[in-house]
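Asks: starting from these lines, generate the structure:
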Amino acid sequence: MIAVFVIMDACFAFSISGFWVSKVNIGEIKLMDIVKMIDQHSFALRQAIEQASLEQRKSLVKAVFAFYEKLPNFQSTIEQNYQIKIDKKQLFQDIDQENLIDYQKQIRQSNALVDEYADDYEELAAIEVISLDAFFLMVSNQNKSQHLVALFNAMIEVLDYYENFSENSIYWNEVLAKEILLQEQIIKQIATHIIFDESIYRVHYQTIEFPDLD
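Replies: Down below sits the predicted model:
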C-alpha cells in the first residue's frame, strides 16, 4: 500500500509501504518527512540488530515466534510444505544451541521438490508464503543480522496485509501502530544488553486473533 490516511483528533495516522506513523499534525505532513520517518525506523532497526549480541538475537527469534504461530494454519503450513512438525520446546533449544542444520537441510530438500509447472501445483496464499519465509529465517544462522531484521519487517508486512484486506482496517491500523511502538522499545532495549524474555510477543498479542482472509 502506498498511503492510507485516517483522521484522528485533527491528526493523521498513516501507513506507507508497510510502515506506520501516527498522530502527526496535519499542517506538518510533508512527503519528504514521511519518507524520512520510514527510513529512520528502518535504519534504526537494522543498526540496533547489527549491534545486538548473538544471545540477544536468539532471544528475539524465540520471542517473535509467538507472533508467527498465531497466523492462520502456521504449523500445518510448515508441516505440509517443509515436512517439519514443529516441537516448540525442541525448536527453542535448537535455536539456543545453534543446532539448525537439519531444519535448513529439510527446507532445501522440500523447496527443490516444488514444481511450479506441475498440473497439481497450487499457488500459496500470501500469509502462507510469509509463514514459510519466517520459519526459514528463524532456523537460519543468527550471526547474520539480516535474518532477524527480515523477521521484524515481515511482521509489519503481515499487519499491513490485514489492514488492507480485512473488513476492519481501522482495528488493524491500531495493531500496526502498536507493533511499531513495540519495535521502537526493543531497539532501545537492545542497547542495554538485556536478553529478551521470550514471552514479550506472546503477551503483546494474547488478545489478537488473525482470521483466515483467503
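
Asks: which helices and strands does the one helix or strand Ile170 maps to pack with?
Replies: For Ile170, the host element (DSSP states H and E) is helix 169-190. Under the contact criterion of 3 or more Cβ pairs under 8 Å, 6 or more residues apart in numbering; DSSP states H and E, helix 169-190 touches strand 4-8, strand 11-16, strand 19-25, helix 31-51, helix 145-165, helix 200-204. In short, each C-beta sits where N, CA and C put it, glycine included.

Asks: what pLDDT does Lys188 get?
Replies: Predicted confidence (pLDDT) for Lys188: 94.

Asks: repeat that for the one 4 residues further on.
Replies: Per-residue confidence at Thr192 stands at 94 (pLDDT).

Asks: now it, what's its secondary structure?
Replies: Of the three states, Thr192 takes coil under DSSP: H, G, I helix; E, B strand; the rest coil.

Asks: any idea how far Asn73 is from it?
Replies: Per Cβ to Cβ, to the nearest Å, Thr192 is found 37 Å from Asn73.

Asks: neighbour count: these two, which is higher?
Replies: Set Thr192 next to Asn73 and count neighbours by other Cβ atoms under 10 Å: Asn73 wins out with 15 against 7.

Asks: helix, strand or coil for Lys85?
Replies: coil.

Asks: so the closest residue to it other than its chain neighbours is in which element?
Replies: The shortest distance from Lys85 to any non-neighbouring residue, by Cβ to Cβ, 6 or more residues apart in numbering, is to Glu79 (5.3 Å). Element membership of Glu79 [criterion: DSSP H and E] is helix 74-82.

Asks: show me the shaky parts of the chain.
Replies: 1-39 (pLDDT under 70).

Asks: so who does the most centrally placed residue in it touch?
Replies: Note on the chain: the residue nearest the mean C-alpha position is Met155, at 2.2 Å, using Cα atoms, centre = their mean. Counting by Cβ atoms under 8 Å, 6 or more residues apart in numbering, Met155 touches 64, 67-68, 179.

Asks: hmm, 10 Å instead?
Replies: Met155 sits next to 18, 64, 67-68, 130, 134, 176, 179-180, 182-183, 201, 205 when contact means Cβ atoms under 10 Å, 6 or more residues apart in numbering.

Asks: Glu209 now?
Replies: Contacts of Glu209 by Cβ under 10 Å, 6+ apart are 70, 72.

Asks: tell me if it really is in a helix.
Replies: No: Glu209: not assigned to a helix; according to three-state DSSP it is coil.

Asks: so how far is Val203 from it?
Replies: 15 Å.

Asks: could you do Gln75 as well?
Replies: From Gln75 across to Val203, the span is 20 Å (Cβ to Cβ).
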